[in-house]
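**Student:** only the shape, not the letters, is given here:
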């Protein structure tokens, strides 16, 4: 079974200068979670980009060097493909029969779609536990910690939350619905909920993050995609 998807040409929104398909969700990228879903459906995918983006195409091809279950092309497919896969407004990956071509991304801020995917992933982690026990540990239902972390005893975790490998957390409150990327430093007194701290970020003491994405250069409201300024 083959599935076609279109990445419509929209105003470009990036996180850490990377396009949507390469944004973090835990240890993996959006495209990897998407392909896992198709793999369970025994499907391959052709991703159609309305504009040439060789850097993105190369990154996607390099992500699947052994199992070539995704191909990248430029243009728009005809309506005879029979299947379409896309991400809906709630962050669910849909597989649709029929000839109607559906945009990969719904008509809302890209960060909102992505964080909806993140919350679905966290809910799965809370329900089923970690799928990667060799590199992360579930210390409580829905609280998953990567290896080589340094976490003080006065840190509080509220499930669901996920902490990447190599993090240092000192007396912070993490969760619910919080993700801390790999190799982050979270200082004492920080409160992080309904937020995603991308990898290799430093969060200052007593910072309160709620409903934001912490990137390398700024904070974004994930519901709107707009920058926010913290006092």
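**Tutor:** Everything's here; your move. Here the structure is a predicted model, which is why all the values come from computation and not from measurement.

**Student:** doesn't residue 37 fall inside a helix?
**Tutor:** Yes: according to DSSP: H, G, I helix; E, B strand; the rest coil, residue 37 belongs to a helix.

**Student:** any idea how far residue 120 is from it?
**Tutor:** 11 Å (CB to CB, to the nearest Å). No exception for glycine: its C-beta is placed from N, CA and C like everyone else's.

**Student:** same for the top helix by length along the chain, what does it pack against?
**Tutor:** Looking across the chain with DSSP state H, the single longest helix is helix 110-128. With contacts defined as 3 or more CB pairs under 8 Å, 6 or more residues apart in numbering; DSSP states H and E, helix 110-128 has these neighbours: strand 24-25, helix 30-40, strand 161-163.

**Student:** wait, isn't residue 156 in contact with residue 176?
**Tutor:** No: taking contacts as CB atoms under 8 Å, residue 156 lies outside contact range of residue 176: 11.2 Å.

**Student:** okay, and for this structure, where does confidence drop off?
**Tutor:** By pLDDT under 70, the low-scoring segments of the chain are 7-12, 66-67, 78-81, 99, 231.

**Student:** would you point out which residue is most central in it?
**Tutor:** residue 25 (3.0 Å; CA atoms, centre = their mean).

**Student:** partner residues bridging it?
**Tutor:** Here residue 25 sits in beta bridges with residue 28, going by DSSP bridges.

**Student:** residue contacts, it?
**Tutor:** Applying CB atoms under 8 Å, 6 or more residues apart in numbering, we find residue 25 in contact with 33, 114, 117, 118, 121.

**Student:** most neighbours of all these, which one?
**Tutor:** residue 118 (26 neighbours; other CB atoms under 10 Å).

**Student:** for the next helix or strand after the longest helix of the chain, packing partners?
**Tutor:** Using DSSP states H and E, the helix or strand that follows helix 110-128 towards the C-terminus is strand 136-140. For strand 136-140, the packing partners by 3+ CB pairs under 8 Å, 6+ apart come out as strand 143-146.

**Student:** hmm, who's touching the strand it packs on?
**Tutor:** 125, 129-130, 135-139, 151, 157, 159-167, 175, 182.

**Student:** pull out the buried members of those residues.
**Tutor:** 125, 130, 136-138, 151, 157, 159-167, 175, 182 (16 or more other CB atoms under 10 Å).

**Student:** tell me, how many residues neighbour the nearest residue in space to residue 16 that is not next to it in sequence?
**Tutor:** Closest residue in space to residue 16, ignoring its immediate chain neighbours: residue 216 at 5.1 Å, by CB to CB, 6 or more residues apart in numbering. Neighbourhood size, residue 216 [other CB under 10 Å]: 11.
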